[in-house]
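In: Need coordinates for the following:
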Amino acid sequence: MTTPLPGRASRGSTSGQPLMATFDLLGRRWTMRILWELKAGPLSFRALQSACDGVSPSVLNRRLKELRVSLLIAPAAEGYVLAPLGQRLMQDLDPLRDWSKSWAEALST
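Out: Residues are numbered from 1 along each chain as shown. Take a look at the predicted model:
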């Protein structure tokens with residue numbers, strides 16, 4: 001499976017729209033968890049694997065490659081870090097996290 005990027009067809013869309021590529025990339029198993037773990041700072045491959053309890057080494061390698069190609073993470077002396085685009089993505093998701101809390105509250109009433 002190729003890395004979803006703007007301008008290319010992705011799962012669910014042949015339009016190449018950047019938002020569809022974003023949803024395809026972020027919807028892949030373990031992708032958001034990896035980004036979440038890196039939000040706190042750099043982690044080595046082993047530390048990421050430990051933090052993402054249950055991810056296989058082959059899947060983790062594949063996701064790390066996709067996230068590097070997508071410019072969301074970068075290699076670092078300590079392992080991997082969020083790249084500037086990855087940092088911005090995590091900040092830009094804050095309103096969605098707030099919305100999801102409201103949604104959860106609405107569903108629980």
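In: so what secondary structure elements neighbour the lengthiest helix in the chain?
Out: Longest helix in the chain, counting residues (DSSP state H): helix 94-108. Contacts defined by 3 or more CB pairs under 8 Å, 6 or more residues apart in numbering; DSSP states H and E place helix 94-108 against no helix or strand at all. Every residue, glycine included, has its C-beta placed from N, CA and C.
In: Can you point out the buried residues in it?
Out: Judged by neighbour count (16 or more other CB atoms under 10 Å), helix 94-108 contains no buried residues.
In: Report the rounded mean pLDDT for that helix.
Out: For helix 94-108, the mean pLDDT works out to 95.
In: now the strands for this structure?
Out: 73-76, 79-82 (DSSP state E).
In: For the protein, just list every one of the helices.
Out: Using DSSP H, helices in the chain cover 18-26, 31-39, 45-51, 57-69, 84-92, 94-108.
In: got the angle between the fourth one and helix 18-26?
Out: This points to helix 57-69. Angle, helix 57-69 to helix 18-26, by axes from the mean of the first three to the mean of the last three CA atoms, to 10 degrees: 150 degrees.
In: Same check on the second one?
Out: Orientation note: helix 31-39 sits at an angle of 80 degrees relative to helix 18-26 (the same axes, to 10 degrees).
In: And for the longest one?
Out: In terms of direction (the same axes, to 10 degrees), helix 94-108 departs from helix 18-26 by 70 degrees.
In: and helix 94-108, C-alpha only, in CSV?
Out: Provided in CSV are the C-alpha atoms of helix 94-108 (Å, rounded to 0.1, in the frame of the first residue of the first chain):
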residue,chain,number,x,y,z
ASP,A,94,-7.0,20.2,19.7
PRO,A,95,-10.5,21.7,18.7
LEU,A,96,-11.5,18.2,17.4
ARG,A,97,-10.5,16.7,20.8
ASP,A,98,-12.6,19.3,22.5
TRP,A,99,-15.5,18.5,20.2
SER,A,100,-15.2,14.8,20.8
LYS,A,101,-15.5,15.4,24.6
SER,A,102,-18.8,17.3,24.0
TRP,A,103,-19.9,14.5,21.7
ALA,A,104,-19.2,11.8,24.3
GLU,A,105,-21.0,13.9,27.0
ALA,A,106,-24.0,14.3,24.7
LEU,A,107,-24.1,10.5,24.0
SER,A,108,-23.9,9.7,27.7
